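Undergrad: My questions are about this predicted structure, shown below with the sequence.
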Amino acid sequence: MKPARATGRPMNSLLLLGAALLGSVMPSLVAQETSGSKSSDAKTADAKKDEAKKADPEPKWFAVVGGDVHTGTGGLLRGATVLAKDGVIESVGYSTDLPEGTEVLSARGLQVYPGLVAISASLAVSQGSRFLAEDDLHMRCCVDFGKNGHLHEGPLDAELDLLLADQAGLVDAQSDLRDAYDPFSSSLLMTLAVGITSAEQSGGALKLKRGEIDGVVMRERFLSSFTWTSASSGKTQLREKFAAAARYLREKREWDVRKDKVKDLPEPSKKGIEQKILSVLDGSARAKFNANDRDDLLGIARLAQEFGFRPVIEGCVEGWIVAEELGRAGAYAIVYPRQRRDKDENLVRAGGSSIENAAILHAHGVQVAIGPASNGIDLGGITGRDLLHLTVDADFAVRGGMTDAAALAGITTVPARILGIDHRVGTLEKGKDCDVIVTDGDVLHYETLVQYTVVAGKIAYDKQKELLFAHIRPRTPGDGKTSNSSGDSAPASAESQPPQR
């Protein structure tokens, strides 16, 4: 029995030793598992933060401070601030608190205007003739120096554009505005240099961004072109098409009301109805006519009044004769103030062009957009009548009696309305795109130069940084200084106050 007690003691000792070892190891294992789970949780939390940052990036703030701001709504704010968040205007006024990291453009001593809107524009550079590059027949915005191709006399109008697109095998000639847009074109640079930030292209509207293509197409196919002929048969045919479309819309509205009450009620047929006329009558597009004669203008006005749409009339040379009728029709007019046309001496009535055309139309309630004689950029022959001199054409309207405010609206607000983009551009207001030009004087003065062009809250043109323009009346050092609001160089004009009266 004694040997049995002797062997039991070592076994108990071994059990006690094992328990002690297990007790010493378990806390470390538990600690390792806990630390591992904590590090895993931390990594998961960091990953979620990164995803949140990607999903909701930090807003980009931009401010133009200290300039005399012409809002385009009738107000002039001296020494005010325009603050934008992610390319959209957040506020226009005084005592503006700039968020940390705001990019600041000092406009002290300068004038601030809404970006100009070019109507009926062709952003191609010409040296006397248009050259269409063989490698890209869709040339709205990408004609440039050094490209060989097919010679075409005159501007690249919408009809030629559509024809070339069709020949190139493009299914939809107006759907590839972004693909045809060249954000590095010299024509884009020269257009921005005169303060144009938006332009019509083939019935749509482009935002002239530099170095990027995202968001350049603001609207497509809003203007639908119609041919107005002096022949009675042509006018009768067009009126019948409008009458058929109007009849279809009435029947469609009645069908929408009755279809739930009357079983198996047939839907009105669209056979023979032109879609672009339907779009005009339901308000999703505007009808654009090219007309100059008094009788043609009266015919368009009466057609519009009969079917209840607001026509856009390009040319409108004799509009001053029938301005009252055009005003009653709610017409828009695209006027070229330097366009001249002699009166037909066989007629007893008034006729021909008048330098007072734009002023008379405006006085009778016609919304007047102003365009240059040439809708492109011309570097050959006699210059001064192209897009680079859009403001000079507005000056000619002023010379004919138009007010400065109406002339400025003719190259900003009104063309934006015609293109259906006035909810985004044309004036400097909260909620609109931050398309701003900063000039060294009155934008309508022929000596004024654009110092900065801001598109969607980014500086797209800085005169002093462009070799083509830097040598022309160089800026005084320190003028138009850009900085960051978090730095020491933020200008005091960011906290500008209303002028003392």
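TA: Nice, I can see it.

Undergrad: Next one: Lys263, what pLDDT does it get?
TA: On the pLDDT scale, Lys263 is placed at 80.

Undergrad: That one: neighbour count?
TA: 6 (other CB atoms under 10 Å). Using the backbone N, CA and C atoms, a C-beta is placed for each residue, glycine as well.

Undergrad: And the one 5 residues further on, by the same measure?
TA: Neighbour count of Pro268, defined by other CB under 10 Å: 16.

Undergrad: Outside of the helix or strand harbouring Ile277 itself, list whatever touches it.
TA: Element membership of Ile277 [criterion: DSSP states H and E] is helix 275-281. If you take CB atoms under 8 Å, 6 or more residues apart in numbering as the criterion, helix 275-281 is touched by 224, 241-242, 245-246, 248-249, 285-287, 307-309.

Undergrad: TSV for the residues you listed, including pLDDT, distance to Pro372 and neighbour count?
TA: Listed next are these as TSV, based on pLDDT from 0 to 100; distance: CB to CB, whole Å; neighbours: other CB atoms under 10 Å:
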residue	pLDDT	distance to Pro372	neighbour count
Ser224	94	23	18
Lys241	96	33	16
Phe242	97	32	20
Ala245	96	34	23
Ala246	96	36	18
Tyr248	95	40	19
Leu249	95	38	17
Ala285	95	25	20
Arg286	96	21	20
Ala287	97	23	24
Phe307	97	32	17
Gly308	95	32	11
Phe309	97	27	21
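
Undergrad: what bridges to the closest residue to Tyr332 other than its chain neighbours?
TA: Among residues not flanking Tyr332 along the chain, Val312 sits closest, at 4.5 Å (CB to CB, 6 or more residues apart in numbering). Bridge pairing for Val312 (DSSP bridges) gives the partners Lys288, Tyr332.

Undergrad: what's the distance between Val312 and Gly299?
TA: From Val312 over to Gly299 the distance is 15 Å, taken as CB to CB, to the nearest Å.

Undergrad: again with Ala246
TA: Ala246 sits 17 Å away from Gly299, going by CB to CB.

Undergrad: Mind picking out the helix or strand in the protein with the poorest mean pLDDT?
TA: The weakest-scoring helix or strand in the chain, judged by mean pLDDT, DSSP states H and E, is strand 149-152 (a mean of 34).

Undergrad: Report the strands that pair with the strand or helix carrying Ser224, each with its relative direction.
TA: Using DSSP H and E, Ser224 maps to strand 223-226. Sheet pairing of strand 223-226 (DSSP bridges) gives strand 286-291 (parallel).

Undergrad: Could you identify the helix or strand that succeeds the strand it pairs with?
TA: Moving toward the C-terminus from strand 286-291, the next helix or strand (DSSP H and E) is helix 294-307.

Undergrad: for that following helix, packing partners?
TA: Based on contacts counted as 3 or more CB pairs under 8 Å, 6 or more residues apart in numbering; DSSP states H and E, the elements that helix 294-307 packs against are helix 232-258, strand 286-291, helix 323-328.

Undergrad: same thing but at 6 Å, please
TA: Judged by 3 or more CB pairs under 6 Å, 6 or more residues apart in numbering; DSSP states H and E, helix 294-307 is in contact with strand 286-291, helix 323-328.

Undergrad: Quick check: which of the ones you listed is nearest to Gln451?
TA: strand 286-291 (34.4 Å; CB to CB).

Undergrad: Just the CA coordinates for that closest one, please, in CSV.
TA: Extracted as CSV, the C-alpha positions of strand 286-291 are listed here (Å, rounded to 0.1, in the frame of the first residue of the first chain):
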residue,chain,number,x,y,z
ARG,A,286,-38.1,76.1,-79.5
ALA,A,287,-38.8,76.8,-83.1
LYS,A,288,-36.1,78.8,-84.9
PHE,A,289,-36.7,80.6,-88.2
ASN,A,290,-34.3,82.6,-90.4
ALA,A,291,-36.2,85.5,-91.8
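
Undergrad: Between Val312 and Gly299, tell me which one has more neighbours.
TA: Neighbours per residue, other CB under 10 Å: of Val312 and Gly299, the larger number sits with Val312, 28 against 20.
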